[in-house]
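Visitor: would you be able to build a 3D model of this:
(2 chains)
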Amino acid sequence: MRKVAIVGTGDTPFTFATEKTSIELFSEAAMDAINEAKLIPKDIQALYLGNCLGDFSEGQAMIQSYAANDIGAFHIPATRFEGACASSSLAVRDAFIWVASGYYDVVLVGGVEKAASMGTPLATRTFSMFTDSHYEFPAGLTFPAMFALLTHLYAKSYGIPLEKLKEQMALVSVQSHYYGKFNPKAQFRKEITVDDVLNGFMVASPLQLLDCCPFSDGAAAVVLVSEEKAREITDKPVYITGIGQASSGRLSVQKDYLPRLRAREESAKQAYDMAGVGPADIDVCELHDCFSIAALIAAESLGFFEFGKSGEAWEKGETKIGGKIPIDVSGGLKAKGHPISATGASQVIEIYHQLRGECGERQVEGAKIGMTDTLGGDGVLCNLIMQKGW
Amino acid sequence: MEYKLTFKDYSNALTKGKLLGLKCKDCGNITVPPKMTCQECAGTDLDPVELSKRGKIVTFTVVNVAPEGRQNEVPYIIALVKLDEGPWIMGNLVDIDPARASMDLIDREVRVGFRVFPGDKYAPGDRARPVFSFL
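Guide: Okay, the predicted model is just below:
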């Protein structure tokens, strides 16, 4: 396999409902990525595009083909990826494989979503499509409900009083909002307090409004190239050195393994093994904090903390810059926003800039190895490890 | 290979008061709701069996924000129940005011019943909806 580098990135601000179309959003991100890579659209050999809900938000399916055309990458093979909230991470992983294989030298990959534009009732309904339609949706399962079920189970499994766990969870949201302040593209750029979280509207008990990430509009894109091509473009390439992906059945079939998600543990192991590194080697991590409890669960399965101990890590500041493992210093899904199919590519972009030392007030000094973690629905996991290439 | 217990047959049985599962002839474990393969060993030699409809609550939530078209249902309680035979199933806990739901619900013994979810424009057709009531 050949080495594969990221040489260009572009992302729109993540926002509440925007009047721009999905294609307009993606084209803006894509052109920024192509320009940063000092390429032109006709250099792009293939497009891998994450998009989940365009069918519902705009009545637009098959967006990938029109998106390629829109940016002037005429007639290239364009493929849409649907893996719920992990869609563009899956797209990056596949793009990596195709470049690593030698089939392509230059691939554009990313994602776009207009989840905020759908409004809460339709967005809630369509996000429920990432659960089992026949056996679990009839009970009224929503995404907050899924993680609410895991929250009570987490408290019970690890013997943590619910009130204590809720305070620890609140600290996840507080930290993400703190760092979101330093991200000019974040949806929320204001600090919140533990009291704000604990006094919020109860969405699905015990998850309150500020335990939940927002619905967002936005797009993100990256250009992946072969090592040889990367040398022509930049003296600061970021290499993808480890990839992992795994899947699971519906929530109930995961039974006794819960609140851990086995797919994450399988996926992370693949990525660590391929990169030849372990959790202790990761300098900065963007993980899937769609809900505060989701961040606690993820950090444990990635190997950063013992099971049941993530909350203590957030309390001690181990997840802050300067701590054991800085997590979600972009603001995470919670404060940066979560336009679902753009999220994975956006996480990759944060790690790319962190490794290149370009993150200003939220920079993790000296970061050499970074990792992303993206969860789709209750059954799709993707992890990517990136390393500084100079 | 033919599906041993389809969604339609499982759902119809539940609306007649029968909870069906699949018993694996290789490892003896029960898979429910049904799948093509045993969820323990991936075996394919499965026999439909009638289950006891008894289990314990393992976790729950009270939902206050519903999907489009189901706003009139809130607040409602979703629970995961571990059946006496081992598998977990998802359904709604009835029998208790959602305002009184607390961690004390975990480990409470319940019986499986049913209601019917009439479907919506994205998921058309009647779907059996397991409900749980205290034993």
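
Visitor: flag every residue of the stretch 251-390 of chain A that's near chain B.
Guide: Applying CB under 8 Å from any CB of the partner chain, we find that the stretch 251-390 of chain A lies next to chain B at A:251-253, A:255. Yep, even glycine has a C-beta here, placed from its N, CA and C like the rest.

Visitor: show me which of those residues are buried.
Guide: Buried residues within those, defined by neighbour count using 16 or more other CB atoms under 10 Å in any protein chain shown: A:251-253, A:255.

Visitor: give me the number of residues near A:F182?
Guide: A:F182 is flanked by 18 other residues according to other CB atoms under 10 Å in any protein chain shown.

Visitor: would you check that it makes contact with A:E361?
Guide: Yes - under the criterion of CB atoms under 8 Å, A:F182 makes contact with A:E361 at 4.1 Å.

Visitor: in strands only, show me the residues of the stretch 251-390 of chain A next to chain B.
Guide: Among those, no member falls in strands (DSSP state E).

Visitor: in the helix or strand harbouring A:R231, what's buried?
Guide: Assigned by DSSP states H and E, A:R231 falls within helix A:227-233. Residues of helix A:227-233 classed as buried: A:227, A:229-230, A:233 (neighbour count, 16+ other CB under 10 Å).

Visitor: likewise stretch A:73-81?
Guide: Quick answer for stretch A:73-81 (16+ other CB under 10 Å): A:73, A:76, A:78-81.

Visitor: quick one, strands of chain B?
Guide: B:20-24, B:30-31, B:46-50, B:54-63, B:76-83, B:88-93, B:109-119, B:124-134.

Visitor: so who does the spatially closest residue to A:Y66 that is not a sequence neighbour touch?
Guide: Spatial nearest neighbour of A:Y66, excluding adjacent residues (CB to CB, 6 or more residues apart in numbering or on different chains): A:I23 at 5.8 Å. When contacts are counted by CB atoms under 8 Å, 6 or more residues apart in numbering or on different chains, A:I23 touches A:60, A:63, A:66-67, A:70, A:112.

Visitor: likewise A:A68?
Guide: A:44, A:47, A:74, A:76, A:78.

Visitor: go back to these and keep what's next to chain B.
Guide: Applying CB under 8 Å from any CB to the contacts of A:A68, none is adjacent to chain B.

Visitor: including secondary structure and pLDDT, could the residues you listed go into CSV?
Guide: Below are the contacts of A:A68 laid out as CSV (DSSP: H, G, I helix; E, B strand; the rest coil; pLDDT from 0 to 100):
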residue, secondary structure, pLDDT
A:I44, coil, 98
A:L47, strand, 98
A:F74, coil, 98
A:I76, coil, 98
A:A78, strand, 98
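
Visitor: would you turn those residues into JSON lines with distance to A:D273?
Guide: As requested, the contacts of A:A68 are exported to JSON lines (distance: CB to CB, whole Å):
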{"residue": "A:I44", "distance to A:D273": "31"}
{"residue": "A:L47", "distance to A:D273": "29"}
{"residue": "A:F74", "distance to A:D273": "40"}
{"residue": "A:I76", "distance to A:D273": "33"}
{"residue": "A:A78", "distance to A:D273": "31"}
